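Asks: Using only what follows, build the 3D model:
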Amino acid sequence: MALPRPRPQRLDGRLMLQLRIGGLPARAIAPHSRLKYSHTVNGGPLAASWTMPLPRGFTHPLLRRGTLVEILLGTWRIWVGTLTEPDRAGWTFSADGLFRRAERLLALDSAGAPTTNPDTAVYQATLTSTGRPVPLPWVYPATGGPFPTTSTSTSLEAAAQPVYIANLLGDRAQKDAKVWGIDPVTMAPYYRTVPTTANTGIVPGTPALPVSDDDYATRLVGRRVATVAGTPPTPATYAPSTSNSAAADASARRWGGAEEWVDLTDRGLLSGPDAVTILNLMVDTQLSKPSYTADLPNLGRGQIINLGGAPIDPRLVCAGQVGGDMRMIRQHGVLDTEGVLVPGQAVEWVLGASEYDEETGTLKLSPLGKAARTLPEVIQVATASGPAYELQGTPR
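Replies: Sure, this is the predicted structure:
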């Protein structure tokens, strides 16, 4: 059944953004300002921040770490997460997206033993049990959930080596060429491939995204754990595996060949075919085409359209899945990767991250897998959950 679209109240002819804290409208506590919220394709709602003019020493039972935070456009929930510890000196607030709860929970089965079965790990985390009085606040069924029901690494299970749920899901999604996150409308996880057909347009006149070949490679040679031995099992022998991507060969003929070495030993016992699948995914989706190196900032009303030409409210343009939809951008009137403007054609890319600033009314969009250029981006990549390589948004 299709989800209902928003039928919001109106304020000066526009939809209202509503901030709710613990189910209570934030304005019932105090007015808020400087509201920002962001999304990412790998995770869904990522972060939110705002300020409130509260007196020194003010207390409220909802203004504490872990309280559920929601942002609604009218009645349509577009962001959900949990409050971090407020800054009580300046009364600035921030919240983490709901998917980040999985970064602090171990993947365990019903007996409390480590598991690498994503479906089992997530479902057990959503249950109240001994030692887990507060379950993972995701909507997840006992059967028929979106995550795979098979183990990702039997060697880690045999070694009783626990991993965090977010790392497990990130590793399995990368192996299956999928992305995962939380849909804020339903508060349920998604596990899916990224779209391959554009469904959102940007009008001509916006700047083109610059590209770089710093991370360019057309062939990967990986080192993997071939066998294990002992109790608990530890790596006994190692073996090389090489990518064999036809698409990467085409890129080599177009831009020249380049090779890189990849360490796959952190994935535990890995068969040759599985290693080749992972290497091909890395080179096809991330490395064998130039990478984008910048965001598309300061987009306002009228600059984002559907493919029929009708404008889309920028507050509804979010990375990840929202209400079942995931966005792929078609940017009109810009040069392709070789500096050529082809009449009637456009550059297309998957939306990897988005951030809306209510104070300025502007939206910032980032392509999926944008190359790290600033120090905060480099630190974020170095400390990210899951594998170092993620699906890459590349120009067509």
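Asks: First-to-last residue distance for stretch 280-300?
Replies: 38 Å (CA to CA, to the nearest Å).
Asks: from the chain's centre, how far out does that stretch sit?
Replies: Stretch 280-300 sits 14 Å away from the centroid of its parent chain (CA atoms, centre = their mean, to the nearest Å).
Asks: residues of that stretch that come out buried?
Replies: Within stretch 280-300, the residues scored as buried using 16 or more other CB atoms under 10 Å are 280-296, 299. Heads up, the C-betas are built off the backbone N, CA and C, glycines and all.
Asks: ditto for stretch 77-90
Replies: Using 16+ other CB under 10 Å as the test for burial, stretch 77-90 gives Arg77, Ile78, Trp79, Val80, Gly81, Thr82, Leu83, Thr84, Pro86.
Asks: How about stretch 237-251?
Replies: Ser241, Ser243, Ser245, Ala248, Asp249, Ser251.
Asks: My read is that Val228 contacts Ala236, right?
Replies: Yes: Val228 is within contact range of Ala236, at 5.6 Å (criterion: CB atoms under 8 Å).
Asks: out of the two, which sits in the busier spot?
Replies: Just comparing Val228 and Ala236: by other CB atoms under 10 Å the higher neighbour count belongs to Val228, 17 against 12.
Asks: Return the set of residues that bridge with that one.
Replies: Using DSSP bridges, the bridge partners assigned to Val228 are Pro235.
Asks: can you pull the contacts of it?
Replies: Ser155, Thr234, Pro235, Ala236, Leu269 (CB atoms under 8 Å, 6 or more residues apart in numbering).
Asks: quick one: contacts of stretch 134-151?
Replies: So stretch 134-151 is contacted by 66, 68, 82, 98, 101-102, 105, 115-120, 122-123, 125-128, 157, 165, 169, 172, 176, 180, 182, 186-192 (CB under 8 Å, 6+ apart).
Asks: so how far is that stretch from its chain's centroid?
Replies: 18 Å.
Asks: Show the end-to-end separation of that stretch, please.
Replies: By CA to CA, the extent of stretch 134-151 from end to end equals 25 Å.
Asks: Okay, buried residues for it please.
Replies: Result for stretch 134-151 [16+ other CB under 10 Å]: buried residues Leu136, Pro137, Trp138, Tyr140, Gly145, Pro146, Phe147, Pro148.
Asks: Between all of the residues you listed, which two are separated the most?
Replies: Pro137 and Pro148 (21.9 Å; CB to CB).
Asks: can you pull the contacts of Thr196?
Replies: Met328.
Asks: Rounded mean pLDDT for the helix or strand hosting Val69, please.
Replies: With elements taken from DSSP states H and E, the one containing Val69 is strand 68-73. The average pLDDT within strand 68-73 is 97.
Asks: nearest to Asp274, of the buried residues of stretch 134-151?
Replies: Looking across these and measuring by CB to CB, the closest to Asp274 is Pro148, at 13.7 Å.
Asks: Leu269 touches Thr227, doesn't it?
Replies: Yes: here Leu269 lies in contact with Thr227, judged by CB under 8 Å, at a distance of 7.4 Å.
Asks: more neighbours, these two?
Replies: Shown here are Leu269 and Thr227; by other CB under 10 Å, Leu269 has more neighbours (20 against 12).
Asks: Show the backbone phi and psi for that one.
Replies: Here is the backbone geometry of Leu269 (degrees, to the nearest 10): phi -60, psi 130.
Asks: pLDDT wise, what is it at?
Replies: Looking at Leu269, the pLDDT reads 84.
Asks: beta partners of it?
Replies: According to DSSP bridges, the partner residues bridging Leu269 are Val225.
Asks: rewinding a little: strands paired with the strand holding Val69, and their directions?
Replies: strand 17-21 (antiparallel), strand 76-83 (antiparallel).
Asks: Can you give me the distance of the nearest residue to Tyr123 once chain neighbours are set aside to Pro240?
Replies: Using CB to CB, 6 or more residues apart in numbering and skipping residues adjacent in sequence, the residue nearest Tyr123 is Tyr140, 5.6 Å away. Going from Tyr140 to Pro240 by CB to CB, to the nearest Å gives 39 Å.
Asks: returning to what we had before: return a PyMOL selection command for the buried portion of the contacts of stretch 134-151.
Replies: A single PyMOL command selects the buried members of those (16+ other CB under 10 Å):
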select buried, resi 68+82+98+101+102+105+115+116+117+118+119+120+122+123+125+126+157+165+169+172+176+180+182+186+187+189+190+191+192
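Asks: For the stretch 151-300 of the chain, just list every one of the helices.
Replies: 154-158, 165-175, 246-255, 272-282 (DSSP state H, counting those that start in this stretch).
Asks: Point out the one among the ones you listed that comes closest to Leu220.
Replies: Closest to Leu220 of the helices of the stretch 151-300 of the chain, according to CB to CB: helix 272-282, at 4.5 Å.
Asks: can you list the residues that contact stretch 48-62?
Replies: 19, 21-22, 24, 26, 29-38, 69, 71, 79, 81, 90-95.
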